[in-house]
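# coords please:
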Amino acid sequence: MEQTNMKKAFLQLHLSVLLAGFTGLFGKLVTLNEATLTWYRLFFSTMILLVFTGLPRVGWKKLLQIAGCGTLLGLHWLLFYSSIKLSNVSIGVVCFASMGFFTSFFEPLIFRKRFSPIETLLALITIAGLVCIFSFDSRYRLGIVVGIVSAAVCSLYATTSKKVSAGVKARTMLLYQMAGGLVGVSALIPIYLQFFPSHQPVVVLPEGANLWWLLSLALFCTVGLYLLQIIVLKKLSAFTVNLTYNLEPCYTILIAFIAFGEARELNASFYVGIGMVVLSVALQSLRTWRKGREVVSKYSLLFSFLLFSYHLENQVGILFNLCLDCTTSKSPINEGR
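So this is what the prediction gives:
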């Protein structure tokens with residue numbers, strides 16, 4: 001029975017990671033600035049949850065704790081979308097992979113357990129991958145820094161949420177997180193705009209395609225995703241969940257390649273970095289499997305291998321096409337601009 005529950009938990013975990021892979025895509029498609037986008041994501045998510053759950057009773061102390069977690073989540077979204085706007089979808093989601101590094105420190109501190117040198121080492125592999133990505137284009141360094149801060153905030157959210165969610169239904173937890181995040185982000189936006197002024201109007205009513213993208217983002221990539229995440233965190237460790245979320249960049253980058261043609265903006269060091277991120281997930285899966293603490297989904301390793309193979313194949317194709325261009329053009333560099 002326990003083994004079946006763990007397999008179900010990992011299936012839910014990978015489904016939530018797949019849904020998370022679409023958040024960056026929606027962030028690119030919505031033409032509103034990141035502050036407005038984050039506010040409406042929280043607003044629509046709160047309204048959807050209110051329709052389905054009503055207003056369940058929760059003690060004031062627990063309510064404030066949940067609302068605090070929601071504010072952390074809202075701040076993470078604000079910085080995450082800012083990172084995408086300052087760089088691109090691929091860079092923004094890869095920076096998210098540093099979350100495992102921060103969790104290796106936050107989880108022992110919050111749950112008062114011993115630090116794991118192996119978990120820290122695995123997280124450092126991810127950081128080494130990010131260092132490779134840092135070097136590929138100086139234009140995106142501000143976006144990378146903002147993306148890493150976003151990952152740190154998200155790690156703190158996931159770890160505290162695991163502790164606060166004890167004894168609270170997933171739907172109730174998510175409703176008050178979204179409502180708390182809405183209030184918290186409303187207070188944070190004026191401060192945020194002092195550091196990152198927007199060239200677009202902040203107070204605006206979404207319409208047309210923006211409205212539909214926001215509703216889809218709220219329903220599928222917020223309510224659906226975070227319900228699954230809260231359920232999974234009740235069964236798996238925060239480190240395992242957060243490290244598995246390092247696969248999110250792989251899903252998002254595949255989508256970005258297809259939708260926006262971003263493969264042309266990236267070079268070999270980017271793919272080396274992605275490979276190291278995927279490697280850290282595969283090693284953690286193997287470690288957990290051998291120790292027998294949690295039943296790790298075999299699909300985690302399979303997805304890791306297939307996605308890395310795809311990236312490697314894609315990069316070889318890009319290099320081949322570049323060589324072909326060099327042999328057929330007198331000025332391939334100028335032609336590519």
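
# count of residues packed around Ser186?
14 (other C-beta atoms under 10 Å). In short, each C-beta sits where N, CA and C put it, glycine included.

# Relative to Met47, how far out is it?
Separation of Ser186 from Met47 (C-beta to C-beta, to the nearest Å) stands at 15 Å.

# show me where pLDDT drops low in the chain?
Applying pLDDT under 70 to the chain picks out residues 1-3, 130, 133-138, 243, 246, 249-250, 253-267, 281, 284-337.

# ok, and the closest non-adjacent residue to the residue most central in space within it?
Among the residues of the chain, the one closest to the centroid is Phe96, at 5.2 Å (C-alpha atoms, centre = their mean). Distances taken as C-beta to C-beta, 6 or more residues apart in numbering put Ala151 closest to Phe96, at 5.1 Å, once the chain neighbours are dropped.

# repeat for Gln177
Counting by C-beta to C-beta, 6+ apart, the nearest residue to Gln177 once its immediate chain neighbours are dropped is Gly70, at 3.6 Å.

# what about the one you found, how many residues close to it?
27.

# Please give the element, helix or strand, for it.
Following DSSP states H and E, one finds Gly70 within helix 60-86.

# One more: Leu11?
Here Leu11 is assigned to helix 2-20, by DSSP H and E.

# repeat for Ile110
Going by DSSP H and E, Ile110 is part of helix 99-111.

# check contacts around the residue nearest to Phe96.
95-99, 102 (C-beta atoms under 8 Å, 6 or more residues apart in numbering).

# Next: Asn5.
Applying C-beta under 8 Å, 6+ apart, the residues near Asn5 are Lys235.

# thinking again about what came up before, what's the angle between the helix or strand containing the residue nearest to Phe96 and helix 99-111?
In the assignment (DSSP H and E), Ala151 maps to helix 141-164. Here the directions of helix 141-164 and helix 99-111 differ by 40 degrees (axes from the mean of the first three to the mean of the last three C-alpha atoms, to 10 degrees).

# Do I have it right that the residue nearest to Gln177 meets Gly180?
Yes - with contact defined as C-beta atoms under 8 Å, Gly70 and Gly180 form a contacting pair (3.3 Å).

# Is Leu205 in a helix, a strand, or coil?
Assigned with DSSP: H, G, I helix; E, B strand; the rest coil, Leu205 falls in the coil class.

# now it: how far from Trp60?
Taking C-beta to C-beta, one finds Leu205 at 34 Å from Trp60.

# again, but for Leu75
23 Å.

# Repeat that for Leu79.
29 Å.

# So which of those two has more stuff around it?
Higher neighbour count among Leu79 and Trp60: Leu79, with 26 against 7, using other C-beta under 10 Å.

# Nearest residue to that one in space, ignoring adjacent ones along the chain?
Leaving out its chain neighbours, the residue that sits closest to Leu79 by C-beta to C-beta, 6+ apart is Ser150, at 3.6 Å.

# tell me which residues of the helix or strand harbouring Asn242 are tucked away?
Assigned by DSSP H and E, Asn242 belongs to helix 238-244. Under the neighbour-count criterion of 16 or more other C-beta atoms under 10 Å, helix 238-244 has 238-244 buried.

# I'd say His14 and Thr244 touch.
Yes - assessed by C-beta under 8 Å, His14 is found in contact with Thr244 at 7.4 Å.

# other SSEs contacting the helix holding Ile110?
helix 117-134, helix 141-164, helix 238-244 (3 or more C-beta pairs under 8 Å, 6 or more residues apart in numbering; DSSP states H and E).

# just how off-centre is the longest one within its chain?
This means helix 141-164. 9 Å (C-alpha atoms, centre = their mean, to the nearest Å).

# just the first one next, same as before
Between the mean C-alpha point of helix 117-134 and the mean C-alpha point of its chain there is a distance of 16 Å (C-alpha atoms, centre = their mean).

# This completes my enquiry, with thanks.
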